[in-house]
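A.B. asks: any chance you can model this:
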Amino acid sequence: MISLQIKDIKSFMNRLLLQPDFDAFLLVEGTVTTSNTFHIDGHIKPDYYSKEEQEALGLMNRRFSLWQEIRPFCLELIKGKRTPLNFRFTFQLSPGNTEKLLKQTESVFSIQDINGLVLNIHYDSAGLFCTTAVSLSLFTMDKSLERSWDQMVQKFLLRQNIAFTLL
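C.D. replies: Numbering: from 1, shown residues only. You can find the predicted model right below:
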């Protein structure tokens with residue numbers, strides 16, 4: 001697990017809310033506090049959709065919404081003249097991208113071992129921070145997956161030209 005402080009908040013927010021940079025991440029949950037506090041549960045509610053809609057939208061094998069599906073609502077909550085008091089988003093790497101990471105790093109872990117590779121984004125008066133986490137379905141002292149995920153997040157941010165300080 002690492003914590004990163006984002007140096008240019010405005011640039012990061014542009015990439016988060018207006019660009020597709022984070023769109024492939026799954027949104028587990030989010031909270032935005034402006035004049036009220038808004039909670040977002042990223043769990044997909046299959047009963048809302050017909051079977052045909054689920055298939056057409058690619059929801060059959062997903063537990064969480066993609067950030068690209070929720071981003072417009074969050075933009076509406078955050079945009080404006082006033083800065084939010086705070087917000088927090090919990091992203092998870094998609095199963096497909098998790099499998100790619102496992103292959104690229106020649107990991108000893110399987111997709112079944114992993115509950116989630118998580119990226120937490122938190123903003124408040126102290127600044128904007130990203131924190132990584134790994135949730136496994138088994139106990140291990142092996143931290144290789146955690147190190148790989150931490151490195152991947154840092155490379156991802158650098159590719160997006162997002163400057164940060166490792167805390």
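A.B. asks: what's the neighbour count on the closest residue to T31 other than its chain neighbours?
C.D. replies: Leaving aside its sequence neighbours, T31 sits nearest to R88 (Cβ to Cβ, 6 or more residues apart in numbering; 5.0 Å). Glycine gets a C-beta too; all of them are placed from N, C-alpha and C. When neighbours are defined as other Cβ atoms under 10 Å, R88 has 15 of them.
A.B. asks: need the pLDDT of R88.
C.D. replies: R88 is assigned 97 on the pLDDT scale.
A.B. asks: check which residues of the host helix or strand of it are buried.
C.D. replies: Element membership of R88 [criterion: DSSP states H and E] is strand 86-92. For strand 86-92, burial by neighbour count (16 or more other Cβ atoms under 10 Å) applies to F87, F89, T90, F91, Q92.
A.B. asks: I'd like the residues you listed laid out as CSV, including distance to L158.
C.D. replies: Listed next are the buried residues of strand 86-92 as CSV, based on distance: Cβ to Cβ, whole Å:
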residue, distance to L158
F87, 23
F89, 20
T90, 22
F91, 17
Q92, 21
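A.B. asks: tell me which of the residues you listed is nearest to L119?
C.D. replies: F91 (4.4 Å; Cβ to Cβ).
A.B. asks: which residues are in contact with the residue nearest to that closest one when sequence neighbours are not counted?
C.D. replies: Spatial nearest neighbour of F91, chain neighbours left out: F25 (3.9 Å); criterion: Cβ to Cβ, 6+ apart. Neighbouring residues of F25 by Cβ atoms under 8 Å, 6 or more residues apart in numbering: L66, W67, F91, Q92, L93, S94, L119.
A.B. asks: what pLDDT does the third one get?
C.D. replies: pLDDT, the model's per-residue confidence, is 97 for F91.
A.B. asks: list the beta-bridge partners for it.
C.D. replies: In this structure, F91 bridges to L27, L119 when assessed by DSSP bridges.
A.B. asks: in the protein, which helix has the most residues?
C.D. replies: The longest helix of the chain (DSSP state H) is helix 144-159.
A.B. asks: buried residues in that one?
C.D. replies: Residues L145, E146, S148, W149, D150, M152, V153, Q154, F156, L157 are the ones in helix 144-159 that count as buried (16+ other Cβ under 10 Å).
A.B. asks: what are the boundaries of the helices in this protein?
C.D. replies: For the chain, the helices defined by DSSP H occupy 9-17, 51-57, 67-78, 95-104, 144-159.
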